[in-house]
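1. Sequence and computational prediction follow.
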Amino acid sequence: MKIQSVRGMNDVLPADSAAWQHVHAVAAQVFAAYGYGELRLPVVERTELFKRAVGEVTDVVEKEMYSFEDRGGEAISLRPELTAGVVRAGIEHGILFNQQQRVWCTGPVFRYERPQAGRYRQFHQLDVEAFGINTPDVDVEIIAIAAQLWKRLGMSGFQLEINTLGTPACRAVHRAALIDYLQQHEAALDDDARRRLHTNPLRVLDSKVPATQAIVEGAPKLLDYLDEASLAHFAAVKAGLDALGIGYIVNPKLVRGLDYYTHTVFEWTTNQLGAQGTVCAGGRYDGLVQQLGGPQTTGVGFGLGIERLILLMGVQNVPVVSNGPQVYVCRFGDGAEHVALTLAESLRDSFPNLRLVLNAGGGGLKSQLKRADNSGARYALVLGDDEVAAGTIQVKSLRGEGDAFTCARTELAAELSRRLGL
RNA sequence: GUGGGCGUAGCUCAGUUGGUUAGAGCUCUGGAUUGUGAUUCCAGAGGUCGUGGGUUCGAGUCCCAUCGUCCACCCCA
């Protein structure tokens, strides 16, 4: 019986890894461009962290976490998202006390869901967070970082949806009114909505069940319960986006699935990925740090699904920087073996960025050139006994850049450097 | 968790109402060209038909289970 990978957990093969490397390289560059520092965190945390951060009655915690006891009886979970761990680490190391922090984080996260296109049980996120800044300018900054990332990756066609959830106080008043309203129409609600009525009524607003939707139409609107400061904050976020020329639509029904959000929430969506349209989503979470036992510190950030981003890059034919070989060295004849070996090594010494494959495993020149072609290399170098004797080497373009020519081996480094821009 | 589609060579697929030794294209290997790829021609290699049961004289084909995958719901990144 062949052993297969665990359901919903995928391998990335060498042919596909260039896109991943490209995304990571561009993302790291963008985050650094805004002064964000990278944080590297464990993949497992205490289960309690996610219950408190994400919310006890969210789907993520209720039925999607990989939770288990370790051998010491500790209740731990594979992380279902990154923000909780970032906050935990920030509190633990005292970097969130009375100061600003701009950080980012990446890695695998785990949710036990039914896999489908763009939805996997192990997937990867890029996560950006800013702490200790309660003004709307940093909400704008966070959204702008995503926009900058799209720009540098050469991607387009995103829809930005934004909304505000206000303060916990506004939400409490609205929540009471909403529960009251929904209870009056309880008989017409679907089972799921009825179950959520008391635990998480805001989620009912998002329901796609037609009967429930009809009732939701007349429900109390959160917008009507927001205080002046919340409205002003939201207005400032919109003004900042306007100033940057970042287009958006306000979606009053936009509610995040994680409980910790306050004020600004947003989603970058696409209609090019089927049912899994959200590529990047986030918002402000002013109470989370304190809720997890830290100082009263505000936060705002987003999570981005790397698999979805890469799927979308494929759909949009976004060019990816190749990590394949540039040069393939063919060698044959007893005298050429070690000459080619030392030549290849010295070229790598001279040009750290050069990607050069030295033929191994023998084969005739014909099959070596075939390997060279299949490797994607731009040039093949041919070194046989004739060239060894003459102190030369043949440089052969594999991509229609003129005829093959022979040059002195002492000239080779300069020749490659010029042609490949090393 | 619910509903549906699909699992045949490394890849994309064909395979008739169940009937001899399961095919094609691409890829790969070798040769035509004793030292020149990507074109052409020739040859070769490559399969427990996802897995396990069952029905049958006989199963890639029918039935059951199971695993995987895809689509939608749900949820979200």
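-> Great, that's in hand.
2. any idea how far residue A:221 is from residue A:23?
-> 38 Å (C-beta to C-beta, to the nearest Å). In short, each C-beta sits where N, CA and C put it, glycine included.
3. Same question for the helix or strand where residue A:416 lies: list its buried residues.
-> Counting by DSSP states H and E, the element that carries residue A:416 is helix A:409-420. Within helix A:409-420, the residues that qualify as buried are A:409, A:412-413, A:416, A:420, counting by 16 or more other C-beta atoms under 10 Å.
4. Do it and RNA strand B come into contact?
-> No: Helix A:409-420 stays clear of RNA strand B (C-beta under 7 Å from any atom of the strand), getting no nearer than 13.0 Å.
5. So which other helices or strands are in contact with that helix?
-> Using 3 or more C-beta pairs under 8 Å, 6 or more residues apart in numbering; DSSP states H and E, the elements in contact with helix A:409-420 are helix A:336-350, strand A:379-383, strand A:392-397.
6. tell me the mean pLDDT over the helix ranked longest in chain A?
-> When chain A is parsed with DSSP state H, its longest helix is helix A:14-33. For helix A:14-33, mean pLDDT rounds to 93.
7. ok, the very next helix or strand once past that helix: who's next to it in the sheet?
-> Next along the chain after helix A:14-33, taking DSSP H and E as the criterion, comes strand A:37-38. With DSSP bridges as the test, strand A:37-38 is paired with strand A:101-110 (parallel).
8. Starting from the partner strand, tell me the next helix or strand along the chain.
-> Once the chain leaves strand A:101-110, the next helix or strand it forms, by DSSP H and E, is strand A:122-131.
9. Which elements pack onto that next one?
-> helix A:14-33, helix A:83-92, strand A:101-110, helix A:136-153, strand A:299-305, helix A:306-315.
10. any idea how far residue A:170 lies from RNA strand B?
-> 21 Å (C-beta to the nearest atom of the strand, to the nearest Å).
11. go on, residue A:122?
-> Distance, residue A:122 to RNA strand B, by C-beta to the nearest atom of the strand: 9 Å.
12. Let me know whether that residue touches residue A:5 as I believe.
-> No: counting by C-beta atoms under 8 Å, residue A:122 sits too far from residue A:5 to count as a contact (9.5 Å).
13. quick one: which helix or strand includes residue A:163?
-> Secondary structure assignment for residue A:163, by DSSP H and E: strand A:159-164.
14. what inclination does that strand have with respect to helix A:136-153?
-> Relative orientation of strand A:159-164 versus helix A:136-153 (axes from the mean of the first three to the mean of the last three C-alpha atoms, to 10 degrees): 170 degrees.
15. Now do strand A:159-164, average pLDDT.
-> For strand A:159-164, the mean pLDDT works out to 94.
16. Please point out which parts of that strand sit buried.
-> A:160-164.
17. Equivalent analysis for stretch A:394-407, please.
-> In terms of neighbour count (16+ other C-beta under 10 Å), stretch A:394-407 has its buried residues at A:394-396, A:398.
18. Relative to the whole chain's centre, how far out is the worst-scoring helix or strand of chain A on mean pLDDT?
-> Using mean pLDDT, DSSP states H and E, the weakest-scoring helix or strand in chain A turns out to be helix A:191-199, at a mean of 73. Centroid displacement of helix A:191-199 relative to its chain, using C-alpha atoms, centre = their mean, to the nearest Å, is 32 Å.
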